[in-house]
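1. generate a structure from the sequence data that follows.
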Amino acid sequence: MLKEIQCDKFAPDHRVIRFNSGLNTVLGSAGGSNAIGKSTFLWIIDYVFGGESYYSLTDDIKKEMGSHIIYFTFEFDEQPYYFYRSTDDPKNVYRSDEEGRFITKLSLEDFRKFLFQEYKIELPALTFSEITERFFRIYGRENTLEKYPLLVKPREQDEKAVDFLLKLFGHYRILASIKSMEEELGIKSSQLKSRQRQKVDIEKIESNQKTIESLRNRLQKLMKNSEEAQLALFGFDTQTFERISAIQKELNIFVRKRNRLQSQLNAIKNNIAENKVDTASEFDSLVHFFPNTNLKAFEEIEYFHKKIREILSEEMDEEIERLQPLIGEYDKEITRLNRKIEESGLAKEMSERVLSQCVNVSKSIDKLEEETAELIHQKELQETRAESEQILEQLLLQQTEKLEEIQDDINLRMEIINGVVTERQETAPLLYITPQKGIIFETPSNTSEGTAYKSLVVYDLSILELRPIPALIHDSNILKRIEDVHLERILERYQASRRQVFIAFDKADSTTTKAHKILESTAILRLSDGNELFGRSWSKYESNDY
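-> All right, here's what the predicted structure looks like:
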């Protein structure tokens, strides 16, 4: 809780201001004087809670008071924490000791995180300032409009205020999931039902697949057909085919004969090479191992073999001379027949026609496969999208259920508080949140100004009691419009709060006796003409100006 605020610029009687654990009242004079510093002090409370509007809200304080330092103390679990903020350095907060001596510097964001943690808010989807800006209702801030208590400003969209409630009540995960699905689908949830879905032509996919299968069979036949079948396929006459076939058969005969002669020639050449034996080296090796060997007998036998080889060699040379011319003649005839087939152009034309047909069929298959793959991909995307849309619809249904729970919790608590405040003599305010996140806040059968402001306070008290709001601020422009009989019980509810409530109020003596007593007992600062917060009011003329 906030324990204390100090500032050397305050009037001497207000240099140190200490706070209560429940209701804390900035009390104005009986005459209801303005420009004495009530709202300004509420802005200072907002400032020590990490707000940024004080000192930048108007130029008056800058001009009249100049830069200054606000010292303040928080206490958590009976442990005091001392800080100060300079108006010359509003983006930082300084930790100090009890005497105000510097310890360390915190960024404003880190200071807010400190308060967030110490107040045990435990709502990671929200920041400290997102909460305080909605429930610190000070004159000059746009959240004091009595008919729109959920909005932080009149121009705020209802959806944003409803999203805040979902986060405040711990349902951020649903919000995050919906946002993720919206980004995945590229649409807003509100567009889901009105969106027209394009259907993929399933029959086209099936037709393409059948055509592809037929083309593949045709391609396979083209690749495997015999020459005769290919000739018939491409329109050649039988006479042409027979003529080319005869040439081809003759060519095959010559090729076989030529290959047979070439094989004989190769065998003879191999035998000649194998007959060149080095007997001298072999005899030397024999003597080396068998010194008593009779080499002469071996030499006579080898001489006999040599004479036989010479006779055979002469015969093989003669055979080679006979075979080579024959092979040459066959080669010439093979070359002639090949040229004859080439000159007919039939083989080339057949090859080109087969290739052209194969290419065309393959292109057709590729095109159809590409088209079918895209259709299948679109079908898969459509199915995936349909699943995603179904998930989104389920999330939206869950969100609606959670909003109904939030709505019911708030309405029940408002009914309880309103029953106490009005002694069950008046209807309670009602909050209705549509599935599209529209907001309706009203008090049925009662549209008076006093009731509207009372309903705003009842709403804030309900949230304060239901959720971990760090504190509540209500300025006098809200409270002075509420009927006295209702104000008394509202003050009692403020006092009973587990969190601090800061209010500004004047004309305390015009309220009920009990309300007056509460205001007096909870006053932490009393201001009036001549007893202003800063010791003077720069909005009034000095006596020497007359």
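
2. top helix in the chain by residue count?
-> helix 346-422 (DSSP state H).

3. which strands and helices sit next to whichever helix or strand comes after that one?
-> Elements were assigned by DSSP states H and E; along the chain past helix 346-422, the next helix or strand is strand 430-433. Contacts defined by 3 or more Cβ pairs under 8 Å, 6 or more residues apart in numbering; DSSP states H and E place strand 430-433 against helix 346-422, strand 439-442. Heads up, the C-betas are built off the backbone N, CA and C, glycines and all.

4. out of these, flag the one nearest residue 158.
-> Closest to residue 158 of the helices and strands packed on strand 430-433, according to Cβ to Cβ: strand 439-442, at 4.4 Å.

5. for that closest one, what is the distance to the chain centroid?
-> Relative to the centre of its chain, strand 439-442 is centred 33 Å away, using Cα atoms, centre = their mean, to the nearest Å.

6. got the CA coordinates for it in CSV?
-> What follows is strand 439-442, C-alpha atoms only, in CSV (Å, rounded to 0.1, in the frame of the first residue of the first chain):
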residue,chain,number,x,y,z
ILE,A,439,-21.1,-3.2,-24.5
ILE,A,440,-24.4,-2.2,-23.0
PHE,A,441,-24.3,-0.7,-19.5
GLU,A,442,-27.4,0.7,-18.0
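
7. got the buried residues for that strand?
-> 439, 441-442 (16 or more other Cβ atoms under 10 Å).

8. following the chain onward from that strand, which element is next?
-> Following strand 439-442 in sequence order, the next helix or strand is helix 449-466 (DSSP H and E).

9. where do the helices sit along the stretch 101-250 of the chain?
-> 108-118, 128-135, 158-168, 172-185, 202-224, 227-233, 238-274 (DSSP state H, counting those that start in this stretch).

10. and the fifth one, what does it pack onto?
-> The contact analysis (3+ Cβ pairs under 8 Å, 6+ apart) places helix 202-224 against helix 346-422.

11. what's the helix it packs on packed up against?
-> Counting by 3+ Cβ pairs under 8 Å, 6+ apart, helix 346-422 packs on helix 158-168, helix 172-185, helix 202-224, helix 227-233, strand 430-433, helix 449-466, helix 484-495.

12. got the contact list for the shortest one?
-> Identification of contacts with strand 430-433 by Cβ atoms under 8 Å, 6 or more residues apart in numbering yields 150, 162, 165, 403-404, 406-407, 410-411, 414, 439-444, 459.

13. just the buried ones among those, please.
-> When these are checked for burial by 16+ other Cβ under 10 Å, the buried set is 150, 162, 165, 403, 406-407, 410-411, 414, 439, 441-443, 459.

14. state the pLDDT value of residue 162.
-> The model reports residue 162 with a pLDDT of 96.

15. name the nearest residue to it, sequence neighbours excluded.
-> Nearest residue to residue 162, sequence neighbours excluded (Cβ to Cβ, 6 or more residues apart in numbering): residue 437, at 4.2 Å.

16. same thing with residue 178?
-> Nearest residue to residue 178, sequence neighbours excluded (Cβ to Cβ, 6+ apart): residue 395, at 5.0 Å.

17. you'd agree the one you found is up against residue 182?
-> No: look at residue 395 against residue 182 with Cβ atoms under 8 Å: they stay out of range, at 9.7 Å.

18. so what's the residue count around residue 500?
-> Look at residue 500: counted by other Cβ atoms under 10 Å, it has 19 neighbours.

19. that one is in contact with residue 24, isn't it?
-> Yes: the pair residue 500 / residue 24 is scored as a contact, 6.2 Å apart, by Cβ under 8 Å.

20. tell me who's in contact with the closest residue to residue 171 other than its chain neighbours.
-> Closest residue to residue 171 apart from its sequence neighbours, by Cβ to Cβ, 6+ apart: residue 402 at 4.7 Å. Taking Cβ under 8 Å, 6+ apart, we find residue 402 in contact with 166, 169, 171, 174.

21. chain neighbours aside, what residue packs nearest to the first one?
-> What that stands for is residue 166. residue 175 (5.4 Å).

22. mind checking which helix or strand of the chain has the lowest mean pLDDT?
-> Taking mean pLDDT, DSSP states H and E as the measure, the chain has helix 227-233 as its least confident helix or strand, at a mean of 50.

23. residues in contact with residue 169?
-> Residue 169 neighbours (Cβ under 8 Å, 6+ apart): 402, 405-406, 409, 466-467.

24. would you format those residues as a markdown table with pLDDT included?
-> Compiled in a markdown table, the contacts of residue 169 are given as follows (pLDDT from 0 to 100):
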| residue | pLDDT |
| --- | --- |
| 402 | 94 |
| 405 | 96 |
| 406 | 96 |
| 409 | 97 |
| 466 | 96 |
| 467 | 95 |
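
25. turn these into a markdown table, including distance to residue 104.
-> Converted to a markdown table, these look like this (distance: Cβ to Cβ, whole Å):
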| residue | distance to residue 104 |
| --- | --- |
| 402 | 41 |
| 405 | 43 |
| 406 | 40 |
| 409 | 41 |
| 466 | 36 |
| 467 | 31 |
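
26. what angle sits between the longest helix of the chain and helix 158-168?
-> On the basis of axes from the mean of the first three to the mean of the last three Cα atoms, to 10 degrees, helix 346-422 is oriented at 80 degrees to helix 158-168.

27. in space, not sequence, find me the middle residue of this structure.
-> Nearest to the geometric centre of the chain sits residue 180, at 6.3 Å (Cα atoms, centre = their mean).

28. distance of residue 501 relative to residue 77?
-> Note on residue 501: its distance to residue 77, by Cβ to Cβ, to the nearest Å, is 21 Å.

29. was I right about residue 443 contacting residue 415?
-> No: checked against Cβ under 8 Å, the pair residue 443 and residue 415 is beyond contact range at 11.5 Å.

30. overlap in contacts, these two.
-> With Cβ under 8 Å, 6+ apart, residue 443 and residue 415 have common neighbours residue 428.

31. and residue 255, how many neighbours does it have?
-> Counted with other Cβ under 10 Å, the neighbours of residue 255 add up to 16.

32. can you put the helices and strands packed on helix 346-422 in a markdown table and add distance to residue 118?
-> Shown next, in a markdown table, are the helices and strands packed on helix 346-422 (distance: least, Cβ to Cβ, whole Å):
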| stretch | distance to residue 118 |
| --- | --- |
| helix 158-168 | 18 |
| helix 172-185 | 21 |
| helix 202-224 | 62 |
| helix 227-233 | 90 |
| strand 430-433 | 30 |
| helix 449-466 | 18 |
| helix 484-495 | 22 |
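
33. which stretch in the ones you listed has the least confidence?
-> Minimum mean pLDDT among the helices and strands packed on helix 346-422: helix 227-233, a mean of 50.

34. state the mean pLDDT of stretch 92-107.
-> Mean pLDDT, stretch 92-107: 96.

35. in it, which residues are buried?
-> The neighbour-count check on stretch 92-107 (16+ other Cβ under 10 Å) flags 93-94, 96, 106 as buried.

36. next: stretch 148-167.
-> For stretch 148-167, burial by neighbour count (16+ other Cβ under 10 Å) applies to 148-152, 156, 158, 161-167.

37. tell me the most buried of the helices of the stretch 101-250 of the chain?
-> Counting by mean count of other Cβ atoms under 10 Å, helix 128-135 has the highest mean neighbour count of those, with a mean of 20.

38. okay, angle between that one and helix 449-466 too, please.
-> Comparing the axes of helix 128-135 and helix 449-466 via the same axes, to 10 degrees yields an angle of 150 degrees.

39. what's in contact with helix 128-135?
-> Applying Cβ under 8 Å, 6+ apart, the external contacts of helix 128-135 come out as 46, 49-51, 112-113, 115-116, 119, 121, 141, 143, 150, 152, 164, 168, 460, 463-464, 469-473.

40. if we go to 7 Å?
-> 49-51, 112, 115-116, 143, 152, 164, 460, 469-470, 472 (Cβ atoms under 7 Å, 6 or more residues apart in numbering).

41. what sits closest to residue 426 if chain neighbours are left out?
-> Residue 426 sits nearest to residue 446 (Cβ to Cβ, 6+ apart), 6.5 Å away.

42. so where's the stretch 1-150 of the chain uncertain?
-> Scanning the stretch 1-150 of the chain for pLDDT under 70 picks out 30-34, 58.
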